[in-house]
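Engineer: here is my input, please return the structure:
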Amino acid sequence: MPLYEYECENCKHRYEKIESIHASEENECPICQQKAHRIISGSTFKFKGSGWYVNDYGQSNSNSGSADV
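Structural biologist: I've put the predicted structure just below:
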């Protein structure tokens with residue numbers, strides 16, 4: 001299940017919550033019990049292994065810039 005970040009409309013408290021992708025975008029603030037809404041936050045991920053960059057884009061291609069007709 002994804003991790004979502006919420007911000008309270010009243011006290012501006014921010015918190016994270018793991019919940020289903022189908023859950024409502026509105027929630028209750030754990031501090032003041034007022035309405036909190038889901039905010040867009042940066043996602044984090046880590047490439048492991050040789051990676052797509054090294055295999056596909058990291059190597060020089062002598063045909064780049066020329067089109068085959």
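Engineer: which residue ranges of this structure form strands?
Structural biologist: 3-8, 14-18, 26-28, 35-39 (DSSP state E).
Engineer: among those strands, which is the most enclosed?
Structural biologist: When you average the neighbours per residue for each of those (mean count of other C-beta atoms under 10 Å), strand 3-8 leads with a mean of 17. Any C-beta I mention is one placed from the backbone N, CA and C, and that applies to glycine too.
Engineer: so which other helices or strands are in contact with that strand?
Structural biologist: strand 14-18, strand 35-39 (3 or more C-beta pairs under 8 Å, 6 or more residues apart in numbering; DSSP states H and E).
Engineer: switch the cut-off to 10 Å
Structural biologist: Counting contacts by 3 or more C-beta pairs under 10 Å, 6 or more residues apart in numbering; DSSP states H and E, strand 3-8 is packed against strand 14-18, strand 26-28, strand 35-39.
Engineer: will you turn those into CSV that also has mean pLDDT and distance to Phe45?
Structural biologist: Output for the helices and strands packed on strand 3-8, formatted as CSV (pLDDT from 0 to 100; distance: least, C-beta to C-beta, whole Å):
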stretch, mean pLDDT, distance to Phe45
strand 14-18, 91, 16
strand 26-28, 89, 24
strand 35-39, 93, 19
